[in-house]
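Novice: Just the structure for this:
(chains A, B, C and D)
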2 protein chains.
Amino acid sequence: MPQPPQSYRELEMLITAEYATLSKRLQQTARFMLDHPQEVALATVAKIAEQADVTPSTLIRLANSLGFKGFSEMQQLFRSRLVDELPNYTERIRAVRSATGETPDSTQLLWEFADANRAVLEQLPSRIDPASLEKALDIFEQAHAIHVMGARRSFVVASYMTYALAHVDKPALLVSGLGGMYGEQLRAMSQHDALLTISFSPYAEESQQACADAHQRGLPIVVITDSLLSPLAHFADVVFVVNEAEVKSFRGLTASLCLTQALAIGLGVRQDKRRQKQ
Amino acid sequence: MPQPPQSYRELEMLITAEYATLSKRLQQTARFMLDHPQEVALATVAKIAEQADVTPSTLIRLANSLGFKGFSEMQQLFRSRLVDELPNYTERIRAVRSATGETPDSTQLLWEFADANRAVLEQLPSRIDPASLEKALDIFEQAHAIHVMGARRSFVVASYMTYALAHVDKPALLVSGLGGMYGEQLRAMSQHDALLTISFSPYAEESQQACADAHQRGLPIVVITDSLLSPLAHFADVVFVVNEAEVKSFRGLTASLCLTQALAIGLGVRQDKRRQKQ
DNA sequence: GTATAAATGGAATATTTATTCCAATCAACT
DNA sequence: AGTTGATTGGAATAAATATTCCATTTATAC
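Specialist: So this is what the prediction gives:
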């Protein structure tokens, strides 16, 4: 068994294939591992051994007989499983990568971007607090109009949100700074409005200013940013922290866009309900 | 700080609350941890310290100052987060759906959007022809400047592309129609430039006009659209057909953005290579 | 039933990893 | 500028964890 598996799936297959040829204790151990992969990923040899009702040595022996140098090496696969949910997909990327040689050509780039963004989307919904979502919608629903602010990279998101809000019949104003009129646009915010600011590191001065202004005037503020420690978070009534994909030191916008989409449509659904009641 | 947090969320809150009172290095460490929780969950003190660009001692100090007996104790919270948050993905969607009954609340909407967009990204790279990618990059590379056109929903994509191109040092001009100057902006296109048009059904008149103009002047044209039968396809030298997600009759933009991202960075990589040769 | 090989448990050891401690550095204040 | 206290880096140490090794048990063949 000179070639150890490279992914959790491969390991699963190998264990299944070799199971019959293993000794009694080794079978017992293998079965436990397949049944409790999460445990194996995070616990120590001693703890796992105890739970599987075998001795630590047996775990090492199993790892060795599956081709690994030691238990720790095998454990890495269990850990990687926790991190990237879909080994199938990542393998496909690896296939593309090796097929195209070293230098990343454009097709491989596309695969990498798609994969990175896909992974981000997989995690997004579970990382967003439902209560925050509801609270943000409360704020938006009660606001007469929503001012949307996003500079530089975040401008794209702000622009999309403005578009989407208009399509669910919610008055929305993009704070664009067009004609150098940031100040004027901010002064147009009334007490009955709300502000949505999107801002990522390095947080644009204009976005911070917008939040500070709105805060002073007592407007409710919703912020989409990349860290709880963002300077924007301080002013906000609701903070959404999104983790964007990064490939070749270029950050994506997929998660933010997905979130704004959900916010806009969520607002639309609410308004529909209310109108039906009346 | 006698009472350490009991859950990852509590820890998040504590860090946020105490952040301002921490020293510089401790802040740096705290930020890294919040931004890379996955890393912290699985790596060793030494590895994490290296990635966060601090010394191992700092990690332990931070753990202590947050009330933990040591780093390992704190790490347990990061690990529990990995475990609690990742049951099978599709099962969770189903769970959310059934728990909320018929009417889709905002959280379920978010799950649906994330899932739909994720599915789209999974298919995207295999549906894009590698030869078209290369051809588009050839066109962009030879162009003096790239004019980017996208109206209404596509404006977001066009806007992002312009931003991304600027960041890889490629002269890019967004055809925005600002001040009603579509005509003027189109007339500024020179023979040595290229046009990238993004347009989805119902294809905006302005986008069609832009392509027609560019075609007449002999500019190479790249089009991102939703069907080979799109009226834009007729003028194009390269056509990318992308399939966007649709939830509640609202279409996403994820695939288009991912594609533009890959195009922009792909161009950047090429330019780097060429400059290195010289 | 005995001989031989394989498998097993557990203590001993090696290795990795976390933690402590102290000297050097930095920042704040006089 | 000099002094004090906090902060930091890194080497030294302690703790934990994995691995090896060997005596003992269990299974297999004759």
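Novice: From now on I want contacts and neighbour counts done on CA atoms only, so please keep to that.
Specialist: OK.
Novice: which SS state does residue A:216 fall under?
Specialist: Three-state call for residue A:216 (DSSP: H, G, I helix; E, B strand; the rest coil): helix.
Novice: longest helix anywhere in chain A?
Specialist: Assignment by DSSP state H gives helix A:254-277 as the longest helix of chain A.
Novice: roughly how far out does that one sit from the chain middle?
Specialist: 20 Å (Cα atoms, centre = their mean, to the nearest Å).
Novice: quick one: contacts of that helix?
Specialist: By Cα atoms under 8 Å, 6 or more residues apart in numbering or on different chains, the residues outside helix A:254-277 that reach it are A:117, A:120-121, A:124, A:133, A:137, A:140-141, A:157, A:160-161, A:164-165, A:168-169, A:224, A:242-245, B:105-106, B:109-110, B:113-114, B:117, B:252, B:254, B:257-258.
Novice: From those, which land in helices?
Specialist: Going by DSSP H, the helices hold A:117, A:120-121, A:124, A:133, A:137, A:140-141, A:157, A:160-161, A:164-165, B:106, B:109-110, B:113-114, B:117, B:254, B:257-258 from the contacts of helix A:254-277.
Novice: who touches residue A:173 in this structure?
Specialist: With Cα under 8 Å, 6+ apart as the criterion, the residues that contact residue A:173 are A:145-148, A:162.
Novice: go again using 7 Å as the cut-off
Specialist: A:146-148, A:162 (Cα atoms under 7 Å, 6 or more residues apart in numbering or on different chains).
Novice: need these in CSV with neighbour count and pLDDT, can you?
Specialist: Formatted as CSV, the contacts of residue A:173 follow (neighbours: other Cα atoms under 10 Å in any protein chain shown; pLDDT from 0 to 100):
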residue, neighbour count, pLDDT
A:146, 26, 97
A:147, 27, 97
A:148, 26, 97
A:162, 23, 95
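Novice: and of these, the nearest to residue A:195?
Specialist: Ranked by distance to residue A:195 (Cα to Cα), those are led by residue A:147 at 4.8 Å.
Novice: so the closest one sits in a strand?
Specialist: Yes. Under three-state DSSP, residue A:147 sits within a strand.
Novice: How about the residue of the stretch 101-250 of chain A found nearest DNA strand D, nearest residue that isn't a chain neighbour?
Specialist: At 17.0 Å from DNA strand D, residue A:229 is the closest residue in the stretch 101-250 of chain A, using Cα to the nearest atom of the strand. Closest residue to residue A:229 apart from its sequence neighbours, by Cα to Cα, 6 or more residues apart in numbering or on different chains: residue B:16 at 6.4 Å.
Novice: and that neighbour, which of the three is it?
Specialist: Assigned with three-state DSSP, residue B:16 falls in the helix class.
Novice: Count the residues that sit near it.
Specialist: 19 (other Cα atoms under 10 Å in any protein chain shown).
Novice: Could I get the pLDDT score of it?
Specialist: As summarised for this prediction, residue B:16 has a pLDDT of 81.
Novice: so it sits right up against residue A:231, yeah?
Specialist: No. Look at residue B:16 against residue A:231 with Cα atoms under 7 Å: they stay out of range, at 11.3 Å.
Novice: Excluding chain neighbours, give the residue nearest to residue A:171 in space.
Specialist: In space, residue A:171 is closest to residue A:145, 4.8 Å off (Cα to Cα, 6+ apart).
Novice: The one you found contacts residue A:169, correct?
Specialist: No. The pair residue A:145 / residue A:169 is not scored as a contact, 10.4 Å apart, by Cα under 7 Å.
Novice: More neighbours: the two, which one.
Specialist: Shown here are residue A:145 and residue A:169; by other Cα under 10 Å, residue A:145 has more neighbours (20 against 11).
Novice: residues in contact with that one?
Specialist: Shown in contact with residue A:145 (Cα under 7 Å, 6+ apart): A:170-172, A:193-194.
Novice: now, among those, which is nearest to residue B:216?
Specialist: Nearest to residue B:216 out of the contacts of residue A:145 is residue A:172 (Cα to Cα; 38.2 Å).
Novice: what's the closest non-adjacent residue to the closest one?
Specialist: Distance criterion Cα to Cα, 6+ apart; nearest residue to residue A:172, sequence neighbours excluded, is residue A:146 at 4.7 Å.
Novice: Report the separation between the one you found and residue A:180.
Specialist: Separation of residue A:146 from residue A:180 (Cα to Cα, to the nearest Å) stands at 20 Å.
Novice: do residue A:111 as well
Specialist: Distance of residue A:111 to residue A:180, computed by Cα to Cα: 39 Å.
Novice: same question, residue A:35
Specialist: 62 Å.
Novice: Look at whichever residue of the stretch 151-278 of chain A sits closest to DNA strand C and give its secondary structure.
Specialist: Closest contact between the stretch 151-278 of chain A and DNA strand C, by Cα to the nearest atom of the strand, is at residue A:231 (19.9 Å). Three-state assignment for residue A:231 (three-state DSSP): coil.
Novice: Give me the neighbour count for it.
Specialist: So residue A:231, with other Cα under 10 Å, has 17 neighbours.
Novice: pLDDT score for it?
Specialist: 87.
Novice: quick one: which of the contacts of residue A:145 is nearest residue B:80?
Specialist: Among the contacts of residue A:145, residue A:194 lies closest to residue B:80 (Cα to Cα), at 36.5 Å.
Novice: Spell out which parts of the stretch 51-200 of chain A neighbour DNA strand D.
Specialist: Residues of the stretch 51-200 of chain A lying close to DNA strand D (Cα under 7 Å from any atom of the strand) are A:56-57, A:60-61, A:69-73.
Novice: tell me the domain ranges of chain A?
Specialist: According to automatic domain parsing, chain A comprises the domains A:8-83, A:87-125, A:129-277.
Novice: Could you tell me how far the first one lies from the centre of the chain?
Specialist: In other words, domain A:8-83. 30 Å.
Novice: does DNA strand C sit close to it?
Specialist: Yes. Judged by Cα under 7 Å from any atom of the strand, domain A:8-83 and DNA strand C are in contact via A:22-26, A:54-58.
Novice: can you tell me which of those lies nearest to residue B:44?
Specialist: Distance ranking of these against residue B:44, using Cα to Cα, places residue A:56 first at 21.8 Å.
Novice: list the contacts for the residue nearest to that closest one when sequence neighbours are not counted?
Specialist: Counting by Cα to Cα, 6+ apart, residue A:56 lies nearest to residue A:49, which is 5.2 Å off, once chain neighbours are set aside. Applying Cα under 7 Å, 6+ apart to residue A:49 gives the contacts A:55-56, A:59.
Novice: pull the CA atoms of the host helix or strand of residue A:49 into CSV?
Specialist: Remark: residue A:49 resides in helix A:45-52, with elements defined by DSSP states H and E. What follows is helix A:45-52, C-alpha atoms only, in CSV (Å, rounded to 0.1, in the frame of the first residue of the first chain):
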residue,chain,number,x,y,z
VAL,A,45,-5.6,9.5,19.1
ALA,A,46,-6.3,8.6,22.7
LYS,A,47,-9.9,10.0,22.7
ILE,A,48,-10.8,8.4,19.4
ALA,A,49,-9.3,5.1,20.5
GLU,A,50,-11.4,5.2,23.7
GLN,A,51,-14.6,6.0,21.8
ALA,A,52,-14.0,3.3,19.3
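Novice: Show me the contact partners of the helix or strand just after it.
Specialist: Next along the chain after helix A:45-52, taking DSSP H and E as the criterion, comes helix A:56-65. By Cα under 7 Å, 6+ apart, the residues outside helix A:56-65 that reach it are A:1, A:26, A:29, A:45-46, A:49, A:70-71, A:74.
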